[in-house]
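**Q** 3D model of this:
(one chain, ligands or ions: 1)
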Amino acid sequence: MKAYCFKCREKVNIKSPEEVTLKNDKKATSGVCPTCNAKIYTFGKSQKPPTETMHHRF
Ligand SMILES: [Zn+2]
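**A** Below is the predicted model of the structure:
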């Protein structure tokens, strides 16, 4: 899965991706940029139905 890294200014493969739910109930995947280790996110890629709510800190 890929996400945009603002430091590298390009799409990179997410390192250690994990699914999170934002405060507005949108799903996102958070992880780490393999190049610069910045936190990166990608939105709207969840394949699970939006029934369960996880309360990760964003
Ligand atoms: Zn990066």
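
**Q** interface residues of the chain facing the ion?
**A** 5, 7, 8, 33, 35, 36, 38 (C-beta under 5 Å from the ion). C-beta here means a position set from N, CA and C on the backbone, and glycine is covered the same way.

**Q** ranking the residues you listed by neighbours, who comes first?
**A** residue 5 (22 neighbours; other C-beta atoms under 10 Å).

**Q** who's in contact with that one?
**A** Going by C-beta atoms under 8 Å, 6 or more residues apart in numbering, residue 5 touches 11, 12, 33, 35, 36, 38, 40.

**Q** ok, residue 39 next?
**A** Applying C-beta under 8 Å, 6+ apart, we find residue 39 in contact with 30, 31, 32, 33.

**Q** same list (these) but as CSV, adding pLDDT and secondary structure.
**A** Shown next, in CSV, are the contacts of residue 39 (pLDDT from 0 to 100; DSSP: H, G, I helix; E, B strand; the rest coil):
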residue, pLDDT, secondary structure
30, 94, strand
31, 96, strand
32, 97, strand
33, 97, coil
